[in-house]
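**Q** Quick one, what's the 3D model for this:
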Amino acid sequence: MSNVEAAAPAPYDRRSAEAPRVDVLAAREVPLGGPRAMSVRRTLPQRTRTLIGAWCFADHYGPVDVSLAGGMDVPPHPHTGLQTVSWLFSGEIEHRDSLGSHALVRPGELNLMTGGYGIAHAEVSTPHTAVLHGVQLWVALPEEHRDTARDFQHYAPEPVRADGAEIRVFLGSLAKDTSPVRTFSPLLGAEITLAPHTAITLAVDAAFEHGLLVDSGDVRLADTPLRPAELGYVHPGVDALTLVNESDGPARTILLGGPPFDEEIVMWWNFVGRSHEDIVRAREDWEASSDRFGAVEGYPGDRLPAPNLPNAVIMPRRNPRSH
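**A** Okay, here's the model as predicted:
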């Protein structure tokens, strides 16, 4: 679930002269959907960086005390041209979609939903959730697959422990572990938790660009310090990443990666397309309750209406050249 993009701070580089280049992307606070909006921190997309590989969207939220701030309650809403990746650190979210899936999102377990030509879903934190904390990520589907059929996958990776780190690989391969979850382009997605004052060097694919999102702790990536809620972007051409936890407590991060996504995309609200016309058509279909998106059964409320389109042509997004 997304909202119309606001301006974001420009990225900046804290690297030393010898280290691989790392661009530091700051997050911006945005409300997450509907009248009972929960605030989230968004690091993708930004004006200067639309994608990391095919990863096109990254929201980071919590820890939220549900008794004080309320939880997540996102009514049925549509998606096209993407996959959604739900990953929790704490709490529990009930997922319902128009494929008929009814599943719980729990800490350390991946829920991946494929929108393709069109899907709708609702997300609600469960009544016994005390603290809600996690990330919501999107993957842009390549042109040849962006109208694929709806799908839903669940996977609970076993943790890999090495050099003071605990690694859960939910997409792709890292630390000699590979996720079985199907994707439509090469991807890496992993939670990496470092013990206090420890370091780990991980072999990575040099053809990939990478992004490290810091959830907690003070982390140094390739000699670049990152604070909580910041995302460090590493350009392609690097075959190993060194992460250092400089904190007295555990540091938790999410590592994302993939080869540069060369296609231009158009993103608006919950739709990923290739043109303004794609977005207009998807919005019209949603507002008309078209069979394109189907119906979400079991949500006790109304669907989320689409916002008004801007009074301008929505232009494709393009990343700056990697170098």
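**Q** now stretch 116-128, how far from the centre of its chain.
**A** 15 Å (CA atoms, centre = their mean, to the nearest Å).
**Q** Which positions in it come out as buried?
**A** Gly116, Tyr117, Gly118, Ile119, Ala120, His121, Ala122, Glu123, Val124, Ser125, Thr126 (16 or more other CB atoms under 10 Å). Where C-beta positions appear, they are placed from N, C-alpha and C, glycine not excepted.
**Q** Stretch 78-98 too?
**A** Buried, per 16+ other CB under 10 Å, within stretch 78-98: 78-89, 91-98.
**Q** low-scoring stretches of the chain, by residue?
**A** For the chain, the stretches with pLDDT under 70 are 1-18, 32-37, 320-323.
**Q** biggest helix in it, by residue count?
**A** Secondary structure of the chain per DSSP state H: the longest helix is helix 276-287.
**Q** helices or strands up against that one?
**A** strand 266-268, strand 271-273 (3 or more CB pairs under 8 Å, 6 or more residues apart in numbering; DSSP states H and E).
**Q** Just checking the distance from that helix to the centre of its chain.
**A** Using CA atoms, centre = their mean, the offset of helix 276-287 from its chain centre is 23 Å.
**Q** so which pair among the buried residues of stretch 116-128 is furthest apart in space?
**A** Tyr117 and Thr126 (30.0 Å; CB to CB).
**Q** how about the helices of this structure, start to end?
**A** 66-69, 276-287.
**Q** so which of those comes closest to Pro142?
**A** Of all the helices of the chain, helix 276-287 comes closest under CB to CB, at 14.5 Å.
**Q** Return the alpha-carbon coordinates of that closest one using CSV.
**A** Backbone C-alpha positions of helix 276-287 (Å, rounded to 0.1, in the frame of the first residue of the first chain) are rendered in CSV as follows:
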residue,chain,number,x,y,z
HIS,A,276,0.5,7.0,-17.9
GLU,A,277,-2.2,5.2,-19.8
ASP,A,278,-1.4,2.0,-17.9
ILE,A,279,-2.1,3.8,-14.7
VAL,A,280,-5.3,5.5,-15.9
ARG,A,281,-6.6,2.1,-17.1
ALA,A,282,-5.8,0.3,-13.8
ARG,A,283,-7.4,3.1,-11.7
GLU,A,284,-10.6,3.0,-13.9
ASP,A,285,-10.8,-0.8,-13.5
TRP,A,286,-10.4,-0.6,-9.8
GLU,A,287,-13.1,2.2,-9.4
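**Q** Cheers, nothing more for now.
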